[in-house]
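S.K.: My questions concern the predicted model and sequence given below.
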Amino acid sequence: MSAQTARGMRDFLPEDTRRRNRVATTIQSVFQRYGYEPMETPAVERIETLLGKYGEEGDQLLFKILKRGEGARLGEVDLGLRYDLTVPLARVVAMNAGKLVYPFKRYQMSPVWRADRPQKGRFREFVQCDVDIVGTASLLADAELIAVAHDALTDLGFVNEFRIHLNHRQVLRGIVESAGVAVDREGDVLVSLDKFDKIGVDGVCKELEQRGFESHVVDRLRVLMDATDANPDSGLDIIHEFVQSSPTGKVGLLQLKEMVGVLGAYGFPPGSVIVNPVLARGLSYYTGPVFEATISGFSGSVAGGGRYDNLVGMFSGQSIPATGISLGFERLVVIMEERGMFSDLPCPVGVLVTRMGPEFLYDSIEFAQQLRAIGVSVELIYEDRKLAKQLKHADARSIPVAAIIGPDEKAKGTVILKDLRRGSQHEVPRADAGDQVKRLLSDITGSR
RNA sequence: GUGAGUGUAGCUCAAUAGGUAGAGCACCGGUUUGUGGUACCGGUGGUCGCGGGUUCGAACCCCGUCACUCACCCCA
């Protein structure tokens, strides 16, 4: 019998959970600040809901659930674990289209499952934080999502350490068209182009050649990448040059210009949101603006999203426009742990109430309750062990204050409050102890 | 799915040319039976991932297998 989690699955011990909760509440409060409401959907969806939404690769990565009974023996599948939160949302909207108030703004933070091979910042079970706006084609919605991501990353502590990239599916189509690529090979080009950040101009060109693209196509895209590389802040101008011959591309460009204008009004620091002509994004359901957030020093994205105006229609036949972004919760946690960004998390327990012996136990319990009644988090020692051991336990748990009641204190109706960080202690009447404890705890958190 | 690396005590790691395992930290006890985080002394703890093979003898060599890590594919 091996005590081990399944591949790519993790336990979260209390310290992990404390950190994760900090990230979750920080992100949630941003979502709520913009008027999004929480929503939840089942972990399990019908398999046909999931299949065919994420491309061939995605279908391979779905965790599938065998039918019960006879079907299991035959290997029949009728259910699967959700692969993301966007497709379930589209399903919910299709199911409840008449009941919802539009624009429907919801967020969801839930685990999703992918049968991927784990690596850094990648797991088989991982939490996504999705915010979406359903029922409006307005680009204000897309811009707002960028603002939400911007605020979330900022509040988490990544001030000036991230960048949000913005592009448009129709711009990409325009670029690809004008480079002379057939529509059915657009996907291949975009997949390679998207690796620009990682493998550079030469890497992308090499890959394009390997995929069999003619040299005039590769050369054209090389010019695009060189221009982007040289002037990362001139994305709109570069796109302008590259979509002249494409009506579709021009539409996309106009929309990007509009968004850039709107984003200007949000007042973000220069360079934190940029138009990136080579940002592609893999998922096939995007139809308009696409966005992605990166953090300096981390390869890969920490957020991604875009407009998907046709996804709801796949379920109901009734097309409803929608746009959304997903924050990569796990990657953010990984990066924040690496960079020591949780060092300010306080110990959840404020006071350890020690005990001196059987005859003083009830005093300790009464005192613990006295503190709990005023909202202090208190832990009581269960075993009758020597005081040194009890204080050691407080250390192990980083509890900042110990309360000691022995024969002397019992006789006088006092308690010793010991500040374990400083090593100082003083004896106070038990009636005043609540205020003293609160003062001590606020001193300790304030002085950090 | 592909490739590379690593699996020895709870954790981080040692073990000299194959001779049946050791340190630090942690834990427990003591120096201090009312005071932790510093010091000193002692102690518990290991089927060397698992299975086979070579050998008088394997943690070490060979084969297989599993797990983890990293990278690719793809993605958060």
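M.R.: Thanks, I have the structure now. Numbering: from 1, shown residues only, chains lettered A, B, ... in the order given.

S.K.: so residue A:290 makes contact with residue A:167?
M.R.: Yes: in this structure residue A:290 lies within contact range of residue A:167 using Cβ atoms under 8 Å: 5.4 Å. Quick note: C-beta positions are derived from backbone N, CA and C, even for glycine.

S.K.: Which pLDDT value does the model give residue A:283?
M.R.: Looking at residue A:283, its pLDDT is 64.

S.K.: quick one, what contacts residue A:76?
M.R.: Going by Cβ atoms under 8 Å, 6 or more residues apart in numbering, residue A:76 touches A:66, A:67.

S.K.: What helix or strand is residue A:89 located in?
M.R.: Counting by DSSP states H and E, the element that carries residue A:89 is helix A:86-95.

S.K.: Enumerate the positions of that helix that are buried.
M.R.: A:86, A:87, A:88, A:89, A:90, A:91, A:92, A:93, A:94 (16 or more other Cβ atoms under 10 Å).

S.K.: what's the answer for stretch A:261-276, then?
M.R.: A:262, A:263, A:268, A:272, A:273, A:274, A:275, A:276.

S.K.: What of stretch A:129-143?
M.R.: Result for stretch A:129-143 [16+ other Cβ under 10 Å]: buried residues A:129, A:130, A:131, A:132, A:133, A:134, A:135, A:136, A:139, A:141, A:142, A:143.

S.K.: Among the residues you listed, which one lies nearest to residue A:73?
M.R.: Comparing those against residue A:73 with Cβ to Cβ picks out residue A:130 as the nearest, at 36.9 Å.

S.K.: What does the pLDDT read for the spatially most central residue of chain A?
M.R.: Residue closest to the mean C-alpha point of chain A, counted by Cα atoms, centre = their mean, is residue A:329 at 2.6 Å. On pLDDT, residue A:329 comes in at 94.

S.K.: doesn't residue A:125 make contact with it?
M.R.: No: using Cβ under 8 Å, residue A:329 makes no contact with residue A:125, being 11.4 Å away.

S.K.: want to throw the buried residues of helix A:86-95 into TSV with pLDDT and distance to RNA strand B?
M.R.: Shown next, in TSV, are the buried residues of helix A:86-95 (pLDDT from 0 to 100; distance: Cβ to the nearest atom of the strand, whole Å):
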residue	pLDDT	distance to RNA strand B
A:86	95	8
A:87	95	11
A:88	96	14
A:89	96	13
A:90	95	14
A:91	96	17
A:92	96	18
A:93	96	19
A:94	94	20
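
S.K.: Contacts only, for residue A:252.
M.R.: A:168, A:169, A:170, A:171, A:172, A:173, A:174, A:239, A:243, A:288.
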